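Novice: Quick one, what's the 3D model for this:
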Amino acid sequence: MDRRHFLAAGVGAAWAASSAPALGLSPGAGIAAAALNAATPAGPNPRNDVTRHRFGLNYTPSNNWWFCWNDWKTDPIERDLDAIASLGADHLRIMLIWPFFQPNPTWVSPAHLERLGQLLALMAERRLDALVTVFTGQLSGLFFLPPFNKPDPALYADAEIWKAQELMIRELARTMKPHDNLIGFDFGNEMNTCWSAPLDVGDAWMKKMFALMNEALPGALHVNGVDHNPWFQPATFSPRALAANPLPLIHAYPYWAQALKYGGPMDPPSTRLLAAMATLVRAYAGSSQKPVWAGEFNTCIEALPEKQQAQWLETAVTSAVQAGVSWFTYWDSHDVHRKFAFNSLEYSLGVLTNDGRVKEQGRVFKQLADAYRGKPVAFPSVQPPPPPEVHSTDATWQWLLNLLEWKPKGA
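Specialist: Got it, this is the predicted structure:
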């Protein structure tokens, strides 16, 4: 891949120029324009400056996946972190498994808290900052429900479960405060895929949880990493409430978001999904200046070979940079070992193989991180269009297709 191809991304550059007005950008807008269109940083912590690009990974430990919390060995983790740092990542999203850390509503495991502290220290040695998920919940298709779980919507409404959640947050904050490489808390891994509630209940709980996290760990940047569904249809949290948060996250997967209904893996509904979803977030926020974090993204298209996956990554990120997305956290660091039973597409999503080989995606990730990390974000100068009139998957996809100026074949 030569530098001209890397920076222009072939047809991607032509698409960006033709569709930039629809995404709130002037034709040819880029990094140089960022200083004129910078948003206000979120919080006093300079590492949480949303006006500069960050690049990271969702960490998947190569040794025993996240089951490693219960079979703790630091040597393989150190090898993983060395490899991740060599790819230019500046942060990791790390997954706590809720029932491992809190097997009882009135007790959080000291051993697991100590292991979290060790992981944060190892990351700091390699200049890797941490976003720590809490109520997970659901991860890569597996469910980890705490023993005190109750039927929906209790997680968001039950007073006893709230007491357990509060204890968990305060114990985690106590463990995390001594470390200076913290971004903050993520509520969990796509909590809406594990626990459901009416929108008013979910939104009220989200507001209450943000207040607790800000009290327990002040000065950090806390987020709610939902999957794509709440942006497309009613799913526990309303899009307007999510968009009102200091840094809304998008999880953008062409496979799961049904982009392949509207084109191939390398067509705009897939390759421009990050950029288009960022504009959707800004439509709900009512502001072109709203910072957006691509907290998870990958194709999740199992049949796509490494080379094409790398091409998708390059095009998706360069178009999202042009659309003013602030931070990028790719899914994920390492392939999952096939000794574990997972949905087969989960095995090969890493930038590194399970034994540490850098994949083509990893080489492209490093190029992207080295090119954009720390550079000013070019926030759009043009207001986004109003959000979809109907909050449904079909209506949202029609809104996205109009934004992309893309007409599916046969439509």
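Novice: And the strands in the stretch 301-411 of the chain, which stretches?
Specialist: With strands called from DSSP state E, counting those that start in this stretch, the stretch 301-411 of the chain shows them at 327-331.
Novice: scratch that, the chain
Specialist: Taking DSSP state E as the criterion, the chain carries its strands at 54-58, 91-94, 129-133, 138-139, 142-143, 182-186, 249-252, 293-297, 327-331.
Novice: In TSV, list the ones you listed along with mean neighbour count and mean pLDDT.
Specialist: Bear in mind the C-beta positions are built from the backbone N, C-alpha and C, glycine included. Formatted as TSV, the strands of the chain follow (neighbours: other CB atoms under 10 Å; pLDDT from 0 to 100):
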stretch	mean neighbour count	mean pLDDT
strand 54-58	25	98
strand 91-94	24	98
strand 129-133	23	98
strand 138-139	21	96
strand 142-143	14	96
strand 182-186	26	98
strand 249-252	26	98
strand 293-297	24	98
strand 327-331	26	98
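Novice: Can I get these in CSV including distance to T74?
Specialist: Shown next, in CSV, are these (distance: least, CB to CB, whole Å):
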stretch, distance to T74
strand 54-58, 19
strand 91-94, 14
strand 129-133, 16
strand 138-139, 21
strand 142-143, 24
strand 182-186, 20
strand 249-252, 29
strand 293-297, 26
strand 327-331, 23
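Novice: Out of those, which gets nearest to D203?
Specialist: D203 lies closest to strand 249-252 among those, at 15.9 Å (CB to CB).
Novice: by contact count, what packs against the closest one?
Specialist: For strand 249-252, the packing partners by 3 or more CB pairs under 8 Å, 6 or more residues apart in numbering; DSSP states H and E come out as helix 273-285, strand 293-297.
Novice: Determine which of those approaches D71 most closely.
Specialist: Judged by CB to CB, the one of those that comes nearest to D71 is strand 293-297, at 25.4 Å.
Novice: Which strands border the closest one, and is each parallel or antiparallel?
Specialist: With DSSP bridges as the test, strand 293-297 is paired with strand 249-252 (parallel), strand 327-331 (parallel).
Novice: Can you tell me how far the residue nearest to the spatial centre of the chain is from L113?
Specialist: In the chain, the residue lying closest to the centroid (CA atoms, centre = their mean) is G295, at 1.2 Å. From G295 across to L113, the span is 24 Å (CB to CB, to the nearest Å).
Novice: I figured V201 was touching A157, is that so?
Specialist: Yes - counting by CB atoms under 8 Å, V201 touches A157, with 5.6 Å between them.
Novice: if we compare the helices and strands packed on strand 249-252, which one ends up closest to G137?
Specialist: Of these, nearest to G137 by CB to CB is strand 293-297, at 13.8 Å.
Novice: Any idea which of the strands of the chain gets closest to L273?
Specialist: strand 249-252 (4.7 Å).
Novice: what residues does the closest one touch?
Specialist: Strand 249-252 has contacts (CB atoms under 8 Å, 6 or more residues apart in numbering) with 186, 190, 223-228, 231, 273-274, 277-278, 281, 292-297, 316.
Novice: Any of those residues buried? List them.
Specialist: 186, 190, 223-228, 231, 273-274, 277-278, 281, 292-297, 316 (16 or more other CB atoms under 10 Å).
Novice: now the protein, which segments are flagged as low pLDDT?
Specialist: 1-44, 411 (pLDDT under 70).
Novice: again, only using 80
Specialist: 1-46, 410-411 (pLDDT under 80).
Novice: Now the helices and strands packed on strand 249-252 in TSV, please, with extra columns for distance to R126.
Specialist: Below are the helices and strands packed on strand 249-252 laid out as TSV (distance: least, CB to CB, whole Å):
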stretch	distance to R126
helix 273-285	26
strand 293-297	21
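Novice: Between the ones you listed, which one is closest to M168.
Specialist: With CB to CB as the yardstick, what comes closest out of the helices and strands packed on strand 249-252 is strand 293-297 (20.8 Å).
Novice: Between strand 182-186 and the closest one, find me the angle.
Specialist: 70 degrees (axes from the mean of the first three to the mean of the last three CA atoms, to 10 degrees).
Novice: what's the angle from strand 293-297 to strand 129-133?
Specialist: Relative orientation of strand 293-297 and strand 129-133, computed by the same axes, to 10 degrees: 70 degrees.
Novice: Can you give the distance of strand 293-297 from its chain's centre?
Specialist: Averaging C-alpha positions (CA atoms, centre = their mean, to the nearest Å) puts strand 293-297 3 Å from its chain's average.
Novice: Then stretch 70-82?
Specialist: 23 Å.
Novice: what sits up against it?
Specialist: Taking CB under 8 Å, 6+ apart as the rule, stretch 70-82 contacts 59, 61-64, 68, 100, 111, 115, 118-119, 122-123, 125-126, 128, 333-334, 356.
Novice: and the residue nearest to K290 when sequence neighbours are not counted, how many neighbours?
Specialist: Spatial nearest neighbour of K290, excluding adjacent residues (CB to CB, 6 or more residues apart in numbering): R282 at 4.8 Å. By other CB atoms under 10 Å, the residues close to R282 number 27.
Novice: isn't R282 right up against P291?
Specialist: No - shown here, R282 and P291 do not form a contact pair, counting by CB under 8 Å, at 9.5 Å.
Novice: Would you quantify the distance from L113 to G362?
Specialist: Plainly put, L113 is 32 Å away from G362 if you go by CB to CB.
Novice: what about the two, which has more around it?
Specialist: Using other CB under 10 Å, the more surrounded residue of L113 and G362 is G362, with 25 against 17.
Novice: Next, work out how far apart the closest residue to the more buried one other than its chain neighbours and A124 are.
Specialist: Excluding its sequence neighbours, the residue lying closest to G362 (CB to CB, 6+ apart) is V351, at 3.6 Å. Computed with CB to CB, the distance linking V351 and A124 is 21 Å.
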